[in-house]
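*Asks:* Kindly generate the corresponding structure for this input.
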Amino acid sequence: MPRTVYCEYEKRETEGLDFVPWPGELGKRVFAHIGKAAWAAWLAHQTMLINENRLSPMNPQHRAFLEGEMEKFLFGGDAEKPAGYVPEGES
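*Replies:* Model (predicted):
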């Protein structure tokens, strides 16, 4: 039987992650309070941030930026969109 969590992003009980996806306390918090669908939504958003802002996961400053955005996206609801971002179908 899959592990369930109350997902802070979706505000409902949902299937939990299979592993801690990020190092440190934030990773433990994500594992305890974020579901698989919300994590998949973050990964898509993170990919957009990396591509549009030309970020490198190897750069410590870029990783710190992504970590802050992950926390805002999953727990705060006010994650940054890239400059000039227009949602698909609204151009």
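
*Asks:* So which residues of this protein form helices?
*Replies:* Taking DSSP state H as the test, the helices found in the chain are 24-33, 36-53, 60-71.

*Asks:* so which of those helices comes closest to residue 1?
*Replies:* Closest to residue 1 of the helices of the chain is helix 36-53 (Cβ to Cβ; 14.5 Å). C-beta here means a position set from N, CA and C on the backbone, and glycine is covered the same way.

*Asks:* and the nearest residue to residue 5 once chain neighbours are set aside, bridged to which residues?
*Replies:* Spatial nearest neighbour of residue 5, excluding adjacent residues (Cβ to Cβ, 6 or more residues apart in numbering): residue 16 at 4.0 Å. Beta-bridge partners recorded for residue 16 (DSSP bridges): residue 35.

*Asks:* Okay, residue 16 and residue 4: tell me how far apart.
*Replies:* Going from residue 16 to residue 4 by Cβ to Cβ, to the nearest Å gives 6 Å.

*Asks:* Between these two, which has more neighbouring residues?
*Replies:* residue 16 (18 against 11; other Cβ atoms under 10 Å).

*Asks:* Run through the residues that contact the more buried one.
*Replies:* 2, 3, 4, 5, 31, 34, 35, 36 (Cβ atoms under 8 Å, 6 or more residues apart in numbering).

*Asks:* could you redo the last one with a cut-off of 7 Å?
*Replies:* Residues counted as contacts of residue 16 (Cβ atoms under 7 Å, 6 or more residues apart in numbering) are 3, 4, 5, 35.

*Asks:* gap between it and residue 57?
*Replies:* Going from residue 16 to residue 57 by Cβ to Cβ gives 25 Å.

*Asks:* just residue 23 next, same as before
*Replies:* In terms of Cβ to Cβ, residue 23 sits 13 Å off from residue 57.

*Asks:* go on, residue 78?
*Replies:* Residue 78 is 23 Å from residue 57, where distance means Cβ to Cβ.

*Asks:* most centrally placed residue in this structure?
*Replies:* By Cα atoms, centre = their mean, the chain has its centre lying nearest to residue 42, at 3.0 Å.
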